[in-house]
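Chemist: could you work out the structure for the sequence below:
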Amino acid sequence: MKRYVDGVRGGLGRLLGGERQVRLLEEELAQEREKVQSLREQNQRLKRRMRGSGRGGRRRGVRGVRFGDFGGLEPISREFGLDRGRPIDRYYIEGFLARNAGDIRGRVLEIKDSAFTRKYGGDRVTQSDVLDIEETNRRATIVADLSWAEDVPTDAFDCIICTQTLHFIYEIGAAFRTLRRMLKPGGVLLATFPGIGQTGCAELDEHYCWALSTLAARRLCEDAFPAADVEIEAHGNVLAAVAFLEGLAVRELREEELDHHDPDYELLITLRAVKPAVGV
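Modeler: Coordinates of the predicted model:
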């Protein structure tokens, strides 16, 4: 058997260009196995919840309320729903960018990668740049910290896409001022922030500095942009918020449930701000 396996490995090495490609395939296979194991564990937790709740029976201390699958102390997923499909906050982010796709034009800057620039800007984009604080990001054309970015260009971008980023920056006010400086006169900032939700994930090495409301986001933004040029919206409702906290995915809710707006439950905050034109 060992000789057979070694022979297969040798054949794969020749076909794929060497041992390095084989190791990459083995690593990908290991990652897929981890995902399968994670889903199995989630399934077992759901089964235990169903048994513990008597299939939605009454829970002591909360009169007449049926908890069902939401009755446990552990979330269904700690990865924001990424391991179950499209995350619920991504539904609102992509809807916001689709509605403002006309702003994504000319020279566009995006954080971490250019996926949204490509998806929503299309042939309106003449130059795409990527900013990251990490030098290891090969996609980055600009390496800088938004809160202390003296070397980033001024009056350079027609649009900046800054999704789910600013809440990681402690000096968030300074980051807003940097973004304003980087925009051309008349340029547009499209930004999003988490509202109700998980405030970090050790497995993904994510740790938030801030959890914002629409009021806080507006006041921070208006320190850098004129109030008349700032548009802020909240998205979500109690069901979407609970589902997002549990780590469910978009496919597990109906569209009408996602689209229902309740101003008391801000799951995601979106912001569009325009830098004043010269002389205005």
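
Chemist: just the strands in the stretch 51-200 of the chain please.
Modeler: Under the criterion DSSP state E, counting those that start in this stretch, strands of the stretch 51-200 of the chain are mapped to 106-111, 125-132, 142-143, 157-163, 183-194, 200-201.

Chemist: out of those, which gets nearest to Asp229?
Modeler: Smallest distance to Asp229 across those (C-beta to C-beta): 9.3 Å, for strand 183-194. Where you see a C-beta, it was placed from the backbone N, CA and C, and this is true even at glycine.

Chemist: circling back to that earlier point, got TSV for the strands of the stretch 51-200 of the chain, with mean neighbour count, mean pLDDT and distance to Val278 too?
Modeler: Below are the strands of the stretch 51-200 of the chain laid out as TSV (neighbours: other C-beta atoms under 10 Å; pLDDT from 0 to 100; distance: least, C-beta to C-beta, whole Å):
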stretch	mean neighbour count	mean pLDDT	distance to Val278
strand 106-111	22	98	16
strand 125-132	18	97	20
strand 142-143	16	94	24
strand 157-163	24	98	14
strand 183-194	22	97	5
strand 200-201	14	78	41
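
Chemist: quick one: buried residues of the helix or strand containing Leu215?
Modeler: Using DSSP states H and E, Leu215 sits within helix 214-222. Going by neighbour count (16 or more other C-beta atoms under 10 Å), the buried part of helix 214-222 is Thr214, Ala217, Arg218, Leu220, Cys221, Glu222.

Chemist: one more: stretch 203-217?
Modeler: Per 16+ other C-beta under 10 Å, stretch 203-217 contains these buried residues: Tyr208, Trp210, Leu212, Thr214, Ala217.

Chemist: likewise for stretch 165-172?
Modeler: For stretch 165-172, by 16+ other C-beta under 10 Å, it's Thr165, Leu166, His167, Phe168, Ile169, Ile172.

Chemist: dump the C-alpha coordinates for that stretch into CSV.
Modeler: Listed next in CSV are the C-alpha coordinates belonging to stretch 165-172 (Å, rounded to 0.1, in the frame of the first residue of the first chain):
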residue,chain,number,x,y,z
THR,A,165,-12.9,48.4,8.7
LEU,A,166,-13.1,51.6,10.8
HIS,A,167,-14.4,49.8,13.9
PHE,A,168,-10.9,48.1,14.2
ILE,A,169,-9.2,51.5,14.4
TYR,A,170,-8.9,53.0,17.9
GLU,A,171,-8.2,56.5,16.5
ILE,A,172,-11.3,56.4,14.4
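
Chemist: just give me how far it sits from the chain centre.
Modeler: 14 Å (C-alpha atoms, centre = their mean, to the nearest Å).
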